[in-house]
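J.: Sequence below, structure please.
(chains A and B)
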Number of protein chains: 2
Amino acid sequence: MNPTNEASQSAATATAAKRVLIVYAHPEPESLNGSLKDAMREHLLASGHEVQVSDLYAMKWKAEVDADDFPQRDRAAKLIVPSDSRRAFDSDALTEDVRLEQDKLRWADALILQFPLWWFSMPAILKGWFDRVYANGFAYGVGEHSDRHWGDRYGEGKLAGKRALVSVTAGGWQEHYSPRGINGPIDDMLFPINHGVLHYPGFEVLPSFVAYRTGRLDAAQFAALRERLVERLDGLWTDAPIGYRRQNAGDYELPALTLRPGLERQGAQGFALHVDDAAARLAS
Amino acid sequence: MNPTNEASQSAATATAAKRVLIVYAHPEPESLNGSLKDAMREHLLASGHEVQVSDLYAMKWKAEVDADDFPQRDRAAKLIVPSDSRRAFDSDALTEDVRLEQDKLRWADALILQFPLWWFSMPAILKGWFDRVYANGFAYGVGEHSDRHWGDRYGEGKLAGKRALVSVTAGGWQEHYSPRGINGPIDDMLFPINHGVLHYPGFEVLPSFVAYRTGRLDAAQFAALRERLVERLDGLWTDAPIGYRRQNAGDYELPALTLRPGLERQGAQGFALHVDDAAARLAS
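T.: All right, here's what the predicted structure looks like:
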């Protein structure tokens, strides 16, 4: 009798088994990021879910978009990334590495990103995963583009119905990323990822998991952090997502795509305009 | 008589010659980004300045931080990026590609970034330029770290006294990046770059140059755009930089690094807290 399988099966009867893709970007397998990735994988499997991990460094993922990404293109012609990407996507002629990652995204019910915050964003290898996997026709350029409907994006798109969670480690203090902290509020820092990369093609995005001061964790602090993260996984299917507004559901003027007056919380500015707190509360 | 040299010399007598590094990230030399890079280079040379261009795709720049970046490290030991980076920087043992780019940054009076906005941030190859060139001891981990002074950063650092300008192309409309636009305000979108990447090691950062709707430029629109960009270069040494607050000059509580109460413009929130509008006006 294998105790892991036993746990796996009893959990699977309690909640329906789901499929999770973890995309992980750290060059050192024994790093904190590597340990958190392993902890998530183990916990999800023990909960009866299926898990795939894209370990970008282990895969030697190519980060740069270039002409080699479109093998059937006319090499004498000028490279126009959106056009070449669209032609290759439509004719199933993207490179195999990209097609495999797109298949994983189609397969997954949830996407988790695990990475260290480097210069207030993703490591280049992970940025390059999105730059290449998010082809024209797959993650953008989807649906009707007219004065009435500006593409299937920001709440619609090919990845709609799936959930996403960013799990990130930062060397700095939580205060440095607080509403008045010098780096800027962490939710604003991550908005270009949560809203611009994940919500854009349709993901429902959960509030990010952020570990601070990760340069100096002792064993007890690591154990507490790991516990806090895997607890979040138990809410992966039930926690309220960030209430990002849907582009084509009436909140925005078309085609300017500016938020209609008066919809926002009193005094809200900037990125916060695009979160409908009431929607998030209703979903929870 | 060479008219370019003539122009060059007369301009050089009018303003002191300066040194400009352009870091450029696009896979197609004949792209709009390539043309704008060429236009800037020509205009700066004609104005009597010295120019170096780091053409990241042409250089086949390696985007990924990994163990190969630290050739003298103990390969059996766990890779700890900040520690390995520090040891390699202090012993002049970083790889030659990284050392050459650091030398260009030391040489330059101004840094210009030219790139397309991909997924609301830099292309991976440019992110990887910062991830690798910005070593520990060079761009972070500089100066005293104590409860009174949290490193030489955000206004101090090894790149203090230099200026920086982001020039970026976006396919979307200007309205989509306006204060109520669905993508979020462009200044907030670029804050993690302008503040977090450029101001952090000391650069004075000029307001970004942004070209919108770049998928559909005709020749006249391109000529107008080019003109608008090279005009900005004439203000490279005199335009008022964004008034980002200096970390160690009294505006922040230490060590929490939160902005002291009452310093901000009435109603300001989020990233805008860290801009002192009065400082920008005084500098202009």
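
J.: For residue A:54, name its beta-bridge partners.
T.: residue A:23 (DSSP bridges).

J.: Hmm, it is touching residue A:24, no?
T.: Yes - under the criterion of CB atoms under 8 Å, residue A:54 makes contact with residue A:24 at 6.8 Å. (Glycine included, C-beta is placed from N, CA and C.)

J.: And those two? Which one has more around it.
T.: For residue A:54 versus residue A:24, the count of surrounding residues by other CB atoms under 10 Å in any protein chain shown is larger for residue A:24: 24 against 21.

J.: Mind pulling the model confidence for that one?
T.: pLDDT, residue A:24: 99.

J.: Next one: it relative to residue B:200, how far apart?
T.: Residue A:24 sits 26 Å away from residue B:200, going by CB to CB, to the nearest Å.

J.: What of residue A:51?
T.: Using CB to CB, one gets 36 Å for the distance from residue A:51 to residue B:200.

J.: which sections of the stretch 51-200 of chain A are below the confidence cut-off?
T.: For the stretch 51-200 of chain A, no stretch has pLDDT under 70.

J.: just the helices in it please.
T.: A:81-90, A:96-107, A:124-133, A:186-189, A:191-193 (DSSP state H, counting those that start in this stretch).

J.: out of those helices, nearest to chain B?
T.: Among these, the nearest to chain B by CB to the nearest CB is helix A:124-133 (3.2 Å).

J.: how big is the angle separating that closest one from helix B:124-133?
T.: If you take axes from the mean of the first three to the mean of the last three CA atoms, to 10 degrees, helix A:124-133 sits at 180 degrees to helix B:124-133.

J.: which of the residues in helix A:124-133 are buried?
T.: A:124, A:125, A:126, A:127, A:128, A:129, A:130, A:131, A:132, A:133 (16 or more other CB atoms under 10 Å in any protein chain shown).

J.: In a markdown table: these, plus distance to residue A:153.
T.: A markdown table is the format used below for these (distance: CB to CB, whole Å):
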| residue | distance to residue A:153 |
| --- | --- |
| A:124 | 25 |
| A:125 | 25 |
| A:126 | 21 |
| A:127 | 19 |
| A:128 | 21 |
| A:129 | 19 |
| A:130 | 14 |
| A:131 | 17 |
| A:132 | 19 |
| A:133 | 16 |
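
J.: Please list which of those residues are also close to chain B.
T.: Among the buried residues of helix A:124-133, proximity to chain B is found for A:124, A:125, A:127, A:128, A:130, A:131 (CB under 8 Å from any CB of the partner chain).

J.: How much space separates the nearest residue to residue A:67 once chain neighbours are set aside from residue B:34?
T.: Nearest residue to residue A:67, sequence neighbours excluded (CB to CB, 6 or more residues apart in numbering or on different chains): residue A:79, at 5.1 Å. As defined by CB to CB, residue A:79 lies at a distance of 10 Å from residue B:34.

J.: what does residue A:146 give?
T.: Taking CB to CB, one finds residue A:146 at 32 Å from residue B:34.

J.: for residue A:29, same thing?
T.: For residue A:29 relative to residue B:34 (CB to CB), the value is 39 Å.

J.: cool, residue A:175 as well?
T.: Residue A:175 is 43 Å from residue B:34, by CB to CB.

J.: tally of neighbours for residue A:146?
T.: 10.

J.: Please report how far it lies from chain B.
T.: Residue A:146 sits 14 Å away from chain B, going by CB to the nearest CB, to the nearest Å.

J.: Contact partners for that residue?
T.: With contact set as CB atoms under 8 Å, 6 or more residues apart in numbering or on different chains, residue A:146 has no partners.

J.: likewise residue A:257?
T.: A:150, A:247, B:173, B:175, B:176, B:181, B:182, B:183.

J.: now, which of these sits nearest residue B:267?
T.: residue B:181 (19.4 Å; CB to CB).

J.: Looking at residue A:51 and residue B:200, which is more packed in?
T.: Neighbours were tallied for residue A:51 and for residue B:200 using other CB under 10 Å; the higher tally belongs to residue B:200 (26 against 19).

J.: Not counting sequence-adjacent ones, nearest residue to the more buried one?
T.: Residue B:200 sits nearest to residue B:153 (CB to CB, 6+ apart), 5.2 Å away.

J.: The one you found against residue B:203, yeah?
T.: No - contact criterion CB under 8 Å: residue B:153 and residue B:203 do not qualify, at 11.1 Å.

J.: what does the stretch 101-250 of chain A put close to chain B?
T.: That would be A:116, A:118-125, A:127-128, A:130-131, A:134, A:154, A:171, A:173, A:175-176, A:178-185, A:188-189, A:191-192, A:195-197, A:200, A:215, A:247, which are the residues of the stretch 101-250 of chain A within reach of chain B (CB under 8 Å from any CB).

J.: Tell me which residues touch the residue nearest to residue B:200, please.
T.: Residue B:153 neighbours (CB under 8 Å, 6+ apart): B:140, B:142, B:143, B:200, B:201, B:202, B:247.

J.: can you do 10 Å?
T.: For residue B:153, the contact set (CB atoms under 10 Å, 6 or more residues apart in numbering or on different chains) comprises A:182, B:139-143, B:145, B:160, B:199-202, B:246-248.

J.: Closest one of these to residue A:254?
T.: Nearest to residue A:254 among the contacts of residue B:153, with distances taken as CB to CB, is residue B:199, at 36.0 Å.

J.: ok, how many other residues are close to the closest one?
T.: 27.

J.: Then residue A:215?
T.: By other CB under 10 Å, neighbour count at residue A:215 equals 13.

J.: distance of it from residue B:140?
T.: As judged by CB to CB, residue A:215 and residue B:140 stand 12 Å apart.
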